[in-house]
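# take a look and give me a structure for this.
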Amino acid sequence: MIARGPRVDCVHDARARLGEGAVWDVAEKALIWVDIEAGLVHRFDPVHGPAEPLDVGERVGCVVLRERGGAVAGCQSGLYALDLATGARLLIAAPERDRPHSRFNDAATDRQGRWWLGTMSMKEPRPPEGTLYRLDPDLSLTAWRSGMGTPNGLAFSPDGLTMYFSDSSPGVRTVWSAPYDTATGTPGAPSVFFDTRAVAGRPDGATVDADGCYWMAGVGGSQLVRLTPKGVVDMIVEMPVVRPSRPMFGGRDLATLYVTSIGEGAGADEPLAGGLFAVTGLPVGGLPERRFAG
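Residues are numbered from 1 along each chain as shown. Next up, the predicted model:
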């Protein structure tokens with residue numbers, strides 16, 4: 001069904017070139033998100049509004065706050081420990097230093113505090129050179145799945161026993177689920193969770209709600225799609241932009257679904273493209289996201 005009740009508002013007309021990577025931090029009571037192409041890390045406080053973005057000096061695909069303070073950023077040239085106050089960076093790993101056309105993209109933290117993130121090529125047409133990695137709390141980096149076009153949609157079930165991920169490539173546009181060993185951080189064999197040819201948009205960023213349902217940004221389709229744990233569409237929220245990119249629950253009681261979007265290449269009929277949106281009035285809220293344990 002198409003949800004009629006929710007309200008969608010643009011809470012920050014950020015004009016982001018490629019808004020992505022939204023994560024709500026319960027302690028900070030703020031949303032951290034990135035503009036990948038502009039190399040900016042944004043912070044949005046629902047009470048005080050947006051802060052001045054931090055320029056990291058290169059493309060930045062994702063950021064996670066650390067339990068010990070500070071953050072880790074997945075950039076074009078590698079993974080960095082990042083001081084969000086000063087912008088100072090310290091290289092942790094550069095697993096694809098031999099591929100200058102590669103960059104980090106989507107990411108999510110598992111329920112134990114490990115950070116999963118993917119890389120993708122910036123070449124067009126996009127070759128299947130992307131890889132999914134796991135960053136452990138000791139800062140060791142492990143490659144898990146390669147041969148992907150645009151790794152995306154990383155999320156974990158409420159009990160942490162299922163890992164979700166997708167490939168946004170037009171020829172793939174599939175979401176997978178895999179059993180997840182929470183003790184070792186090792187996924188089992190993936191199976192197809194949802195083929196997005198059944199809906200308008202390709203799979204982009206995602207999150208999981210308190211009922212265990214998977215929320216997918218349907219990039220190119222102007223929609224958010226809610227999938228039950230069995231991979232069945234049970235709600236669609238229409239968005240005022242063609243390319244929503246990453247949903248994330250936040251705000252008071254985690255009842256607001258924030259959504260980033262892509263502004264680059266949008267036409268005059270999309271004046272809010274690149275904005276940050278808030279979806280309210282949903283029948284379910286989200287789960288607190290774990291900070292990176294390292």
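# and the strands in the stretch 101-250 of the chain?
102-109, 115-121, 130-135, 141-148, 151-156, 162-167, 174-181, 186-187, 191-195, 202-208, 214-219, 223-227, 233-238, 244-250 (DSSP state E, counting those that start in this stretch).
# so Leu82 touches Leu91, yeah?
No: Leu82 lies out of contact with Leu91 (CB atoms under 8 Å); the separation is 10.7 Å. The way it works is simple: take the backbone N, C-alpha and C, and place the C-beta from them, glycine included.
# thinking again about what came up before, switch the strands of the stretch 101-250 of the chain over to TSV; also include distance to Gly61 and mean neighbour count.
As requested, the strands of the stretch 101-250 of the chain are arranged in TSV below (distance: least, CB to CB, whole Å; neighbours: other CB atoms under 10 Å):
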stretch	distance to Gly61	mean neighbour count
strand 102-109	4	25
strand 115-121	7	25
strand 130-135	11	22
strand 141-148	14	15
strand 151-156	10	27
strand 162-167	15	26
strand 174-181	19	19
strand 186-187	21	18
strand 191-195	23	16
strand 202-208	11	27
strand 214-219	15	28
strand 223-227	21	23
strand 233-238	25	17
strand 244-250	11	27
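# output those as TSV; include the columns distance to Arg59 and mean pLDDT.
Formatted as TSV, these follow (distance: least, CB to CB, whole Å; pLDDT from 0 to 100):
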stretch	distance to Arg59	mean pLDDT
strand 102-109	5	98
strand 115-121	11	98
strand 130-135	15	98
strand 141-148	18	98
strand 151-156	15	98
strand 162-167	20	99
strand 174-181	25	98
strand 186-187	27	98
strand 191-195	29	98
strand 202-208	16	98
strand 214-219	18	98
strand 223-227	25	98
strand 233-238	29	97
strand 244-250	15	98
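# to Ala71, which of those strands lies closest?
Ala71 sits nearest to strand 115-121 of all those, at 10.6 Å, using CB to CB.
# and for the closest one, what's in contact with it?
Applying CB atoms under 8 Å, 6 or more residues apart in numbering, the external contacts of strand 115-121 come out as 61-62, 64, 72, 74, 95-96, 99, 101-110, 126-127, 129-135, 148-152, 154, 163, 165, 292, 294.
# what does stretch 62-69 give?
Residues contacting stretch 62-69 (CB under 8 Å, 6+ apart): 20-21, 23, 25, 28, 32, 34, 41, 71-74, 81-82, 104-107, 109, 113, 115, 117, 291-294.
# got it, and stretch 180-197?
With CB under 8 Å, 6+ apart, stretch 180-197 has contacts from 110-112, 114, 134, 136, 144-145, 156-157, 160-166, 173-179, 202-203, 214, 216, 218, 225, 227, 231.
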